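1. No sequence on hand, only this structure:
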DNA sequence: CACTATATATGACAAACTGTCATACAATTA
DNA sequence: TAATTGTATGACAGTTTGTCATATATAGTG
């Protein structure tokens, strides 16, 4: 998290740094991203940067936090539009996300995140994350077993992210889509033949 | 992959470098691992290293490849001992792996891999990987739907790895174990109540 | 106002790391 | 023996990172 000093900065200066950081994190993979580039781009002296953030990771986490909000809002919208049905929501989420990222080629940051930042993807998926807290009320639980919804949700979320990553990476969207839909089916109905299930 | 030059080296010299690398990758996280340390430890000149490997990632991939074999053998053993039953196998795999890593504190490399190398964990989990090819014949498919076994297997594998990582990270093995077992149950029987399933 | 204390800004710097390359050496072949 | 090819080596240039002494601004106080 940024220091109070950073938050005290007038928002234009803040934004300049954040913009430079977004650009860097949207262009190269995490390992290659350098504080040097960012401060040069933003025109901020070295010492100042370390006054604001502990290090590259600290800055990245903050950037991620800011972007998370958009993703959460997006997700909630989709779930609502599917009347809270998990199965339908996650089928839709894949299409909506990949469309956003691949077809429209919007959000370079998001694309780069899925491509290279798998270790950070976890920050979204981990249980205890606020994503679930904000989403749980929108999910319809009537038809579900009384199992812990949080675990189920993360299972879906995780596989959604894996699917999107794979789609972005390989660019074979329709193949991966097929796979993904099968996975959702398994998550919903299990792996066993009918006779074993009942 | 290492250059032919490296493979031509007498095995003692090879091992010296690999040992140093294993030590490094077992101690610090990937980002912090440095070629410098490794060559110093191994007593190998800088230039020589770059004669053998392209860079740190190249070396790490090779190390991973070598270790993968052990893990695959391990996995096959467990599946065999469970008569090829997926559900039972993966329940057991979690216990066996966490026991190996946490309780016995064996394999520091494995532990470190689960802790810090999530981006590399993928190399195991990805479809198309030889792990599945070597394992598929051992799995009993009688009770399973005719769905693509590979997808199912990777779903299980993935969640196994996520579970182990979480267990190693938090050290709350029994909590994570409970969660994991619930996930396996969902994977096997789905998320819906009985009446919806049939 | 003058003075003090506290917060912020800055860039030079040491330490570390990476990948390359000219040079030296060894082995093999003609 | 000479030439060709493969291997070894460490000095070097180019980066990067995080720190710190110093400078400057801001706020508080009597």
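-> Arrived safely, thanks for sending. Quantities reported herein were computed from a predicted structural model and do not represent experimental measurements. Residues are numbered from 1 along each chain as shown, chains lettered A, B, ... in the order given.
2. Show me chain A divided up by domain.
-> In the domain annotation for chain A, the residue ranges read A:1-54, A:57-198 (automatic domain parsing).
3. Which among the ones you listed is found nearest to DNA strand C?
-> With Cβ to the nearest atom of the strand, the closest approach to DNA strand C among the domains of chain A belongs to domain A:1-54: 1.9 Å. For every residue, glycine as well, the C-beta is placed using N, CA and C.
4. State the helix or strand in which the nearest residue to residue A:53 once chain neighbours are set aside lies.
-> Nearest non-adjacent residue to residue A:53, counting by Cβ to Cβ, 6 or more residues apart in numbering or on different chains: residue A:59, 4.5 Å away. Under the criterion of DSSP states H and E, residue A:59 resides in helix A:56-81.
5. If you count contacts, what does that helix end up packed against?
-> With contacts defined as 3 or more Cβ pairs under 8 Å, 6 or more residues apart in numbering or on different chains; DSSP states H and E, the secondary structure elements packing on helix A:56-81 are helix A:11-27, helix A:35-42, helix A:86-98, helix A:108-116, helix A:118-125, helix A:130-135.
6. Swap in 6 Å and give it another go.
-> Applying 3 or more Cβ pairs under 6 Å, 6 or more residues apart in numbering or on different chains; DSSP states H and E, we find helix A:56-81 packed against helix A:86-98, helix A:130-135.
7. what about stretch A:83-91 and chain B, any contact?
-> No. Contact between stretch A:83-91 and chain B is absent, the nearest approach being 7.0 Å (criterion: Cβ under 6 Å from any Cβ of the partner chain).
8. Quick one: residues in contact with that stretch.
-> Here stretch A:83-91 makes contact (Cβ atoms under 6 Å, 6 or more residues apart in numbering or on different chains) with A:78, A:79, A:82, A:138, A:139, A:140, A:156, A:160, A:184, A:188.
9. Pull the distance from that stretch to the chain's centre.
-> Between the mean C-alpha point of stretch A:83-91 and the mean C-alpha point of its chain there is a distance of 18 Å (Cα atoms, centre = their mean, to the nearest Å).
10. List the buried residues in it.
-> A:84, A:86, A:87, A:88, A:89, A:90, A:91 (16 or more other Cβ atoms under 10 Å in any protein chain shown).
11. how much does the helix or strand containing residue A:154 deviate in direction from helix A:108-116?
-> Element membership for residue A:154, per DSSP H and E: helix A:149-170. Angular relation of helix A:149-170 and helix A:108-116 on a 0 to 180 degree scale: 90 degrees, by axes from the mean of the first three to the mean of the last three Cα atoms, to 10 degrees.
12. pLDDT (mean, whole number) over whichever helix or strand comes after helix A:149-170?
-> On the C-terminal side of helix A:149-170, the nearest following helix or strand under DSSP H and E is helix A:173-189. For helix A:173-189, mean pLDDT is 95.
13. related to what we said a few turns ago, greatest separation within the buried residues of stretch A:83-91: which pair is it?
-> A:84 and A:91 (13.8 Å; Cβ to Cβ).
14. Any regions of chain A where pLDDT drops low?
-> Counting by pLDDT under 70, chain A contains low-confidence residues at A:105-106, A:118-129, A:194-198.
15. residues in it within reach of DNA strand C, list them.
-> Proximity of chain A to DNA strand C is assessed by Cβ under 7 Å from any atom of the strand, with A:4, A:5, A:8, A:9, A:44, A:45, A:46, A:47, A:48, A:50, A:51 identified as the residues in range.
16. Which neighbouring residues are in contact with the last one, exactly?
-> With contact set as Cβ under 6 Å, 6+ apart, residue A:51 has these partners: residue A:5.
17. Spell out the secondary structure type for it.
-> Taken by DSSP: H, G, I helix; E, B strand; the rest coil, the conformation at residue A:51 corresponds to helix.
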